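S.K.: predicted model follows, preceded by the sequence.
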Amino acid sequence: MSDLKIIAGPFTFDARFERAAAPKTCAAFIERLPFVSKVVHVRWSGEGVWIPLGDYSFGVDYENHTSFPAPGQIILYPGGISETEILLAYGGVRFASKVGQLAGNHFITLTSNLDKLPELGRLALWEGAQPIRFEAVQ
């Protein structure tokens, strides 16, 4: 069952919230739906795209955090030693910033079109920022 539809660049993905593992992060994000931004290619982390959010606060701390999200996993770094951000892995990722390795809350997992993720990554890398929209499925 899908909780979300995510439209990133020309691609559409179904996704589910990881409510059992990251309940506070999921609840905070759900309050902000629809969530609209842009993704750019990561700088230090490998094969991923991210949404830089500066000092924006979701009001959550660490839960279900990882430095190595798998392709199709979305993590939220709640801020602290680096800026708040959301990262979507499309390949191998070691989540980091200019200050070193970080960990983010794995709170969303894509459930469809995972084969399109590398295309999204290449598009963001070579063509620049891509629009992204997270919508609740009714």
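M.R.: Received the coordinates, thanks.

S.K.: hang on, isn't Ala28 packed against Val60?
M.R.: Yes: look at Ala28 against Val60 with C-beta atoms under 8 Å: they come within range, at 5.2 Å. Heads up, the C-betas are built off the backbone N, CA and C, glycines and all.

S.K.: the closest residue in space to Asn113 that isn't next to it in sequence bridge partners, please.
M.R.: With sequence-adjacent residues excluded and distances taken as C-beta to C-beta, 6 or more residues apart in numbering, Asn113 is closest to Phe13, at 5.1 Å. Legend: beta-bridge partners of Phe13 under DSSP bridges are Ile6.

S.K.: Phe13 contacts Ile6, correct?
M.R.: Yes: the criterion here is C-beta under 8 Å, and Phe13 meets it with Ile6 at 4.5 Å.

S.K.: what do those two both touch?
M.R.: Leu110 (C-beta atoms under 8 Å, 6 or more residues apart in numbering).

S.K.: tell me where this structure has helices.
M.R.: Along the chain, counting by DSSP state H, helices occupy 23-30, 117-127.

S.K.: centre of the chain to the last one, how far?
M.R.: Computed by C-alpha atoms, centre = their mean, to the nearest Å, the separation of helix 117-127 from the middle of its chain amounts to 15 Å.

S.K.: now stretch 98-108
M.R.: Averaging C-alpha positions (C-alpha atoms, centre = their mean) puts stretch 98-108 10 Å from its chain's average.

S.K.: what's in contact with that stretch?
M.R.: 4, 6, 15-18, 21-22, 25-26, 29, 43-44, 60, 62-67, 69, 73-78, 81-82, 85-87, 94-96.

S.K.: Leu88 - how many residues pack around it?
M.R.: The tally of other residues near Leu88 (other C-beta atoms under 10 Å) stands at 28.

S.K.: distance of Arg16 from Trp126?
M.R.: As judged by C-beta to C-beta, to the nearest Å, Arg16 and Trp126 stand 30 Å apart.

S.K.: pairing partners for the lengthiest strand in the chain, with directions?
M.R.: Determined from DSSP state E, the single longest strand within the chain is strand 85-93. Each strand paired with strand 85-93, and its direction, by DSSP bridges: strand 46-52 (antiparallel), strand 73-77 (antiparallel).
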